[in-house]
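In: Starting from these lines, generate the structure:
(chains A, B and C)
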Amino acid sequence: MYEVKLDAFQGPLDLLLHLIQRLEIDIYDIPMAELTAQYMEHVQAMKVLELDEASEYLVMAATLLAIKSRMLLPIHEGEMEETEFEVEEPDPREELVLKLIEYKKYKEAAIELKKMEENRPENFTKPPSDLSPFMPDEQLALFNADVNIYDLLYAFQKMLRRKQLRKPLKTTVKKQDIPVKEQMLRVVDVLKKRGGKSSFSDLFPYEDRSTIIVTFLSLLELMKRQVVFVEQERNFEDLTVILQKEERLGELEDLDG
Amino acid sequence: MNSKILMARMEALLFVVGDEGLTVKQLAELLDVDEVDIEAGLSELKTLYENNDASGLTIKQLSDTYLLTTKPELANTIKKLVENPNSQVLSTASLEVLAIIAYKQPITRTEIEDLRGVKSERPIQTLASRGLIREVGRAEGTGRAILYGTTKEFLNYFGLSDLSELPPLPEGDEDVENEQTDLFMTKFQEVFHNENE
Amino acid sequence: MNSKILMARMEALLFVVGDEGLTVKQLAELLDVDEVDIEAGLSELKTLYENNDASGLTIKQLSDTYLLTTKPELANTIKKLVENPNSQVLSTASLEVLAIIAYKQPITRTEIEDLRGVKSERPIQTLASRGLIREVGRAEGTGRAILYGTTKEFLNYFGLSDLSELPPLPEGDEDVENEQTDLFMTKFQEVFHNENE
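Out: Prediction:
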């Protein structure tokens, strides 16, 4: 198996672009089965630290699975052989491809900004001088009426920048002890108790990151095995996880918990 | 006003305001001189600095503001004393959001998130608190969502005088990809069929 | 070192530190030059400024500290900056002090001045007289210095219902998180390997 690159991805689109590049896939003719499989593998291998992000990776997984199954449909139609007639259906991949291309533009622009950040000419300046010796006594000046709270925050930031305060680096490593298999059963249990349905975030009542990650991995695995499926009404809204076929849990033995 | 005196006064004013800088208009008002003369004086002052090896200063333009700064070639000397204000570099997420805002401003958070496919509240907040972006208005419609744009600090941070100096937005290398299409078409059709058996 | 380069470097260093100034000893260390040469360089620099009518700057000595300042005869020009009640410079100072008080309250004047590196009595007075800040207590210790905090009027002014609505400060080093990510990545690669055997 190929090594997962130690890059943190900027979300599902970034991960997809990475895979497309690595697998030398033509972005205008994406082999959905391959990309979906690779995507699922990667998301499992990655940590997903933020719950917010986790849900977005899951939504994309669901989208990929949906596109893949829509693409499979015509292949099973028997009439295809009789008439060479092809129906002009919109390519189910089109929306995804457009999104990827648009995102790629800005990803590249960000790389340009990064270079500019590194090569910026270094002109140093100075804080404004103390003007109190020049100040007439009777004057009291206040800022313009249209300052808002962000101006205030910015003023504070600017001052901090002048003082060049830096926080020390600190790193934390935690041991991850809960096996994914166990957590899958736990998730299914929770779903059953809630009548087969739960909001995504309610499945993560835990504080520590490693439990959150294991829970996420177990959800992915459950999705892949079609034990659960995931719904989202609108972009960035919370996901609903729905218990589908509990009996498929029986095949858990092949999971080396 | 004698041009030497004008320059001395401009230098003194720019020195005192430091990183706040002054616009041509402000200088003109403070010195009671026409804006044209201020502009001429600024460029003369800059030339004086540049031609004088014994001077460590120069003039920098930032949008419509002029600042007195140290010469870039003296950066190594200054760094012994103060850390580079840019030493805290932006994360990839922040840079992505910033790129989107820089090229598509004014733009709402939702539009940014649709483009990136991930929530972007935190990078937006980081960028706002570092003064690189700010609220520039409200979108039409029921939500009246905040519209974001870049700031003068954004220009300063990347060493630009104004937005027109931004490199053109990459087009997405479609030519390269079309060429590849032919090469990979056959191959991936096979793969695709095999995988879906 | 060439004396012109030395002067350019001294000028740049003195410029960047502003009102805080530098001692001969500090300059000697920063530039890796003998103190005698620094002293000679400083007096040469001062002579250059004094003899150059196009320069608005000079060097001032305060006990053992040298600082760059504007020529005394330009005081009237500088005064223009603060005479206007809507003065940009003054409003920036007030805003900065207010920001410090808002985020660091309760805080003493000395602490504010340490943070800003500039005397801040006037802006504090101004803010207090406008009702945006007030005395909220006294610091422990001999001085029993006044502690400042923001007022209800401050919240009104910025349209906040309480202090918790202040936008949070950025969380400092974004790199910290990336490092953590890498650590987790390694961990999860292991998990992944095991699971897919």
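In: what's the closest non-adjacent residue to B:Asp162?
Out: B:Ser63 (5.6 Å; C-beta to C-beta, 6 or more residues apart in numbering or on different chains). Placement of C-beta: from N, CA and C, glycine included.
In: quick one: the one you found and B:Glu153 touch, right?
Out: No: in this structure, B:Ser63 is not within contact of B:Glu153 by C-beta atoms under 8 Å, at 10.0 Å.
In: Which parts of chain A are strands?
Out: Under the criterion DSSP state E, chain A contains strands at A:197-199, A:228-231, A:240-243.
In: so where's chain A uncertain?
Out: Within chain A, the stretches with pLDDT under 70 are A:1-8, A:47-53, A:74-89, A:135-147, A:157-177, A:206-210, A:234-238, A:250-257.
In: does any bit of the longest helix along it sit next to chain B?
Out: Across chain A, the longest stretch assigned as helix under DSSP state H is helix A:94-119. Yes: Helix A:94-119 reaches chain B (C-beta under 8 Å from any C-beta of the partner chain) through A:99, A:101-114, A:116-117, A:119.
In: I'd like to know which elements that helix is packed against.
Out: For helix A:94-119, the packing partners by 3 or more C-beta pairs under 8 Å, 6 or more residues apart in numbering or on different chains; DSSP states H and E come out as helix A:12-22, helix B:92-104, helix B:109-116, helix B:152-158.
In: Can you tell me which of those helices is packed in deepest?
Out: With neighbours defined by mean count of other C-beta atoms under 10 Å in any protein chain shown, none of those is more surrounded on average than helix B:92-104, at a mean of 24.
In: what are the C-alpha coordinates of it, in CSV please?
Out: Taking Å, rounded to 0.1, in the frame of the first residue of the first chain, the C-alpha atoms of helix B:92-104 are listed here in CSV:
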residue,chain,number,x,y,z
THR,B,92,-2.5,27.3,4.4
ALA,B,93,-6.1,27.7,5.3
SER,B,94,-5.7,31.4,5.9
LEU,B,95,-3.8,31.9,2.7
GLU,B,96,-6.5,30.1,0.7
VAL,B,97,-9.3,32.2,2.2
LEU,B,98,-7.2,35.3,1.7
ALA,B,99,-6.6,34.5,-1.9
ILE,B,100,-10.3,34.0,-2.5
ILE,B,101,-11.1,37.3,-0.8
ALA,B,102,-8.3,39.2,-2.6
TYR,B,103,-9.5,38.1,-6.0
LYS,B,104,-13.3,38.0,-5.5
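In: the strands in chain B, which residues?
Out: B:22-23, B:57-62, B:65-70, B:107-108, B:133-138, B:146-150.
In: nearest to chain A, of these?
Out: strand B:65-70 (3.5 Å; C-beta to the nearest C-beta).
In: What pairs with the closest one, parallel or antiparallel?
Out: The strands beside strand B:65-70 in its sheet (DSSP bridges) come out as strand B:22-23 (antiparallel), strand B:57-62 (antiparallel).
In: Break the chain into its domains for me.
Out: I went with chain A, as the question did not name one. Using the TED database, the domain ranges for chain A come out as A:6-72+A:91-117, A:174-256.
In: not what I meant, chain B
Out: B:3-74, B:84-196 (automatic domain parsing).
In: residues in contact with the residue nearest to B:Asp162?
Out: For B:Ser63, the contact set (C-beta atoms under 8 Å, 6 or more residues apart in numbering or on different chains) comprises B:Lys152, B:Leu155, B:Ser161, B:Asp162.
In: Including pLDDT, could those residues go into CSV?
Out: Formatted as CSV, the contacts of B:Ser63 follow (pLDDT from 0 to 100):
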residue, pLDDT
B:Lys152, 88
B:Leu155, 91
B:Ser161, 89
B:Asp162, 90
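In: Of the residues you listed, which pair is most distant in space?
Out: Across the contacts of B:Ser63, the longest distance by C-beta to C-beta is 10.4 Å; it joins B:Lys152 and B:Ser161.
In: Which residues are in contact with each of the two?
Out: With contacts taken as C-beta under 8 Å, 6+ apart, B:Lys152 and B:Ser161 have B:Leu62, B:Ser63 as neighbours in common.
In: returning to that earlier point: would you mark the buried spots in the longest helix of chain A?
Out: For helix A:94-119, the buried set under the neighbour-count rule, 16 or more other C-beta atoms under 10 Å in any protein chain shown, comprises A:96, A:99-110, A:112-113, A:116-117.
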